[in-house]
Structures are given as C-alpha cells and as structure tokens.
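Trainee: Let's see this in three dimensions:
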Amino acid sequence: MRTPSTKRSLPAISPVPGAMLLECRAVAGRFTGDEGAKPWTARARAVSNRGMSAPAAAWTLDPSVVFLNHGSFGACPAEVLAVQADLRARLEANPMDFMLRQYEPLLDVARERLAEFVGGDPDGLAFVPNPTTGVNTLLRSVAFAPGDEIVVTSHGYNACTNAARAVSEATGAVVVGAELPWPMPADGPTAVVDAVLGAVTPRTKLVLVDHVTSPTALVLPVERLARALEERGVDLLVDGAHAPGMLPLDLRALDVPYYAGHCHKWMCAPKGAAFIHVRADRRDAVRPLVVSHGRNSPRTDRSRFRLEFDWTGTADNTAWLCVPAAIDAMAGLVDGGWPAILESNRAKALAARNILCAALRVDEPCPPEMVGSMAAVPLPLDPTDGARSPLEPSPLQAALWERHRIEVPVPSFPAPPRRLVRVSAQLYNTLDQYHVLAEAITRELSAEPAGPARDAPGSTAAGAERAGGRAGGSPDADDGGRP
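Mentor: Below is the predicted model:
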C-alpha cells in the first residue's frame, strides 16, 4: 500500500432530498433507544459496554452485539454510507445524466485512487462486485488445454476452489491440491512454499493461492511464491480478498499476472466493491464474464480492457465510486492514517490470539509473521461431527450468537470433526471483547457432550486435560472463527 501524496475527494455531490438525508443520518442512532428492543438487548448491551472502542462511533454496528467478524463481510462507516446515499440520489434524480455523463469520470477517479492505494497500474485495474467474480473472470480468461494443471491449496477459499474445478471440467484441465499444514510449523512460510512448489509439475499452467487464507487467517508468502513460480514459467493468481486494508500492498512490485481483491472488507467500502489487477502481458486475453457494448465499441480514447469491464450492463455501481471516500474516511479515524490502522489491527489480532490460546491452553498455531488483522485458533473436536456448507453456521457458532450475542465464525477445518475459531480485529474492537468471547466459548464447550480424543490440535498437556474434561472447565477460557 502506497501512502497517497495528496488527498483527493469525489467531485462535488449534489444535495440529497431532505427525507432521504434524515433517514440516512438516523441510521447511526437506530439502536440507541429501548422502544421495540428485543428481550436480549439490555443484557447484550451490558456485555458490549466491556468493549467497543472510541472509533466505533464511526460505524453503524449494533452496539448490543459483540462483533468479532469484520473479516467475512466488512463493515462500512456511516460517513461512507452517506456518500453512497448522495450518489444514489444523483442517479435517481436524473438516470440519463448520471449514467451517460457523470458515471465514467467518477469511475476514473475511483480507479486512480484505488490503484494508488494498492500500488497498482490503473490501466490494468477493473472493478468487479467481489473477488469470487474476479477469480472466476480470470480463470475463464486463461486458455487451458486438456491435461493442463491448476494447483489450489487445502486452505483455499471454497468458492474459488469450486471455480477452478468448474473450469477444469469445461476445459479438460486437472485440479491438483497442495496440502498446507495446520497448525503451521515454526517456519510456516517455508512450509507453504515447499508444499505449493511440491505440487507443481511440468504440466502446471496456473497456481491459485490466497494472500490471506479465509478459514485459517494465515498471511501466505505470496512474494516468495511469485518469484519461484515465475522462474518455473507458471502463472500465479492471487485471491487477495482480505489483503487490501489489512496488509501493505504494492501490486507493481509483486508483479503477479493476476490479482483479485476486496474493497468492502478491510478498506471498509460499501458492499459490492472489489477489483481485479492484470499484468500488462496478460491483459489482452482477459474478458469480463458478461459481454456488453464494449466488445465492439468504436472508441479509441480508452483501452478495450476498460471499455469491456467498465460497462457490463445497467447496475448500481455506487459502491465502486465510494472507494475514495472509504480510503479517506478510514485514514481520518486515527493519527497516522492507514499505516497506523494496519499496525493497530495486527497488534490487536495478536493480542486476541494470546487471550484465546491462554484460555484454551493451546499453542499458537502459526508464527506471528503469518498473522494480519485476523487470527484463528484450533478448538476441541466437534461432538456433532457433521459436514456442513461453508455458509451454514456450526452449532457452537449458533450458540455464541443465540445465547451470547457474539458474532464470530467457527468453521470446520480442515474437515469435521476438527474445527477452529477465527477472530477479526478492526478499529472498533477492544481486547475486552475477546475476553467476553473467551468466557462465552468456555461455557459452551463445557456444556458439549464429552467424546473420545476431543483435544484441540496443539493442546498442551494441561490443555489436553482441560479440553477433554468439559465438566470441570473454567468459565474463563475461549476462542473464535469464520467460514
């Protein structure tokens, strides 16, 4: 991530009609009154009072919820939501004027600011609704032949691994899995590189790897992988859903052929803002999933890449246009701007991991250099032992929400009955909230039926005794996770 040299904003935005503006301003305060409150609100609000930080007022999050899952869908500050409301008001005030005259200049500003933020080439950057769309787009733009190999990892995001499988079925290519360890050894980055390169053969055409893994929250050594794969003549597609706003990015320096990233997770733009970044030597072959007017446009003032990706049909793309507002709004929340945000969130994630590992008496599952703004910790084996969709909450995750009003993912990984808990750390979180989670998760684990060999991977001897004997568990231990 490059620090912007100058602060720029969206072009002037016309006023929002009064009723809409009042409704938008009311969003941030909609949970403050007691009228119509749910029965659990008072208790959960008391719990949340142990934790929300000063910057939390910038968000519209329900203060009665202990929200520890920024990683799944992000959360957008009220200031940015107001900008989006203004843009939508402009759109609806005169759709023809907005779509035909205002939209393209606004999109150019957003693209330039995003490219500056991620250290990328604006000519190779295109907006998409989410990285899953981006990964699908990039995979379907590669000319795979029967027998070509696509390497994916065991920590990969399920939706994108499915995309690779779908492409392989359509082209005759073969998906090959690289098994990454969990927990990670002390030299985790080297173990990742060795596992990925060990799956590469002379038939490998492309490797798909996460910059930050979704289930296990590991920051993978994509720089090392990029160099090693380039030497072998293998293209790298990085699923960087979690990286923008979590890690310092310089996509020009990284120089991978393909990269897909989110703006609505750690950059805190509105939902539906994401991007792909394509290196110049691969750009001509990349096409959007939806073919529209750009394919045969006679315009010569813009590249084919921009003409095809910038317009794929009528849609509300105001989330893309809000990216500059999100960059500036977040930078203004703390002294030191984005570098301070990245440092603060990572320190908080490491501290949260320490709290949870100590409570569960398990070892840290990866070296600290593999932690960004999220952390995952193994849990005792799931007594329900049921396979689920990644979108289906586990019983423990459901219990934490229903009985404690804690939002945190508890996915099965690498497969049932093994599971983990993944916590996120954003400016609005405090360490008190992770202690609240620790207490709640310990109570829930103590209530689970005891079963054979239920120790969490990496448990210490003391932890193994405690994890196996739930009835004697102390109410001051815990952990958390996400799909």
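Trainee: From now on I want contacts and neighbour counts done on CA atoms only, so please keep to that.
Mentor: Will do.
Trainee: Give me the pLDDT for Pro416.
Mentor: The per-residue pLDDT reported for Pro416 equals 89.
Trainee: scratch that, Pro449
Mentor: Reported pLDDT for Pro449: 84.
Trainee: again, but for the one 3 residues further on
Mentor: The per-residue pLDDT reported for Pro452 equals 46.
Trainee: can you check the one 10 residues further on too?
Mentor: Per-residue confidence for Ala462 comes out at a pLDDT of 33.
Trainee: for Ala42, same thing?
Mentor: 37.
Trainee: What of the one 3 residues further on?
Mentor: As predicted, Arg45 sits at a pLDDT of 39.
Trainee: now do the one 5 residues further on
Mentor: What the model reports as pLDDT for Arg50 is 43.
Trainee: How about Glu23?
Mentor: Confidence score, pLDDT, at Glu23: 37.
Trainee: likewise Gly294?
Mentor: Taking Gly294 on its own, its pLDDT is 86.
Trainee: which regions of the stretch 201-350 of the chain sit below the pLDDT cut-off?
Mentor: Counting by pLDDT under 70, the stretch 201-350 of the chain shows no low-confidence range.
Trainee: And the strands in it?
Mentor: 204-210, 235-240, 258-262, 274-278 (DSSP state E, counting those that start in this stretch).
Trainee: List the neighbouring strands of the third one plus their orientation.
Mentor: Just to be clear, that refers to strand 258-262. Here strand 258-262 has these sheet partners by DSSP bridges: strand 235-240 (parallel), strand 274-278 (antiparallel).
Trainee: contacts for it?
Mentor: 130-131, 134-135, 138, 235-244, 273-279 (Cα atoms under 8 Å, 6 or more residues apart in numbering).
Trainee: and that strand, how far from the chain's centre?
Mentor: Put simply, strand 258-262 sits 11 Å off its chain's centre (Cα atoms, centre = their mean, to the nearest Å).
Trainee: residues of that strand that come out buried?
Mentor: Within strand 258-262, the residues that qualify as buried are 258-262, counting by 16 or more other Cα atoms under 10 Å.
Trainee: Widest-spaced pair of those residues?
Mentor: Tyr258 and His262 (14.0 Å; Cα to Cα).
Trainee: Show me the contact partners of the strand or helix carrying Arg422.
Mentor: According to DSSP states H and E, Arg422 maps onto strand 419-424. Surrounding strand 419-424, the residues in contact under the criterion Cα under 8 Å, 6+ apart are 68-71, 215-217, 349, 352, 373-382, 408-413, 479-482.
Trainee: Which of the residues you listed fall in strands?
Mentor: 374-379 (DSSP state E).
Trainee: Dump those into JSON lines; add pLDDT and distance to Ala319 as well.
Mentor: Shown next, in JSON lines, are the ones in strands among the contacts of strand 419-424 (pLDDT from 0 to 100; distance: Cα to Cα, whole Å):
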{"residue": "Met374", "pLDDT": "98", "distance to Ala319": "24"}
{"residue": "Ala375", "pLDDT": "98", "distance to Ala319": "28"}
{"residue": "Ala376", "pLDDT": "98", "distance to Ala319": "30"}
{"residue": "Val377", "pLDDT": "98", "distance to Ala319": "33"}
{"residue": "Pro378", "pLDDT": "97", "distance to Ala319": "35"}
{"residue": "Leu379", "pLDDT": "96", "distance to Ala319": "37"}
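Trainee: Which of those residues sits closest to Pro393?
Mentor: So of the ones in strands among the contacts of strand 419-424, ranked by how close each gets to Pro393 (Cα to Cα), first place is Leu379, at 15.3 Å.
Trainee: The closest one and Leu360, how far apart?
Mentor: 8 Å (Cα to Cα, to the nearest Å).
Trainee: Please point out which parts of the lengthiest helix in the chain sit buried.
Mentor: The single longest helix within the chain, with elements called by DSSP state H, is helix 337-360. Buried residues in helix 337-360, counted by 16+ other Cα under 10 Å: 337-339, 341-342, 344-360.
Trainee: That one versus strand 419-424: what angle between them?
Mentor: 150 degrees (axes from the mean of the first three to the mean of the last three Cα atoms, to 10 degrees).
Trainee: which strands and helices sit next to helix 337-360?
Mentor: helix 323-331, strand 374-379, strand 419-424, helix 431-447 (3 or more Cα pairs under 8 Å, 6 or more residues apart in numbering; DSSP states H and E).
Trainee: Highest mean neighbour count out of these?
Mentor: strand 374-379 (a mean of 32; mean count of other Cα atoms under 10 Å).
Trainee: how far does the helix or strand following that strand sit from the chain's center?
Mentor: Next in sequence after strand 374-379, counting helices and strands by DSSP H and E, comes helix 395-404. Mean C-alpha position of helix 395-404 versus that of the full chain (Cα atoms, centre = their mean) differs by 22 Å.
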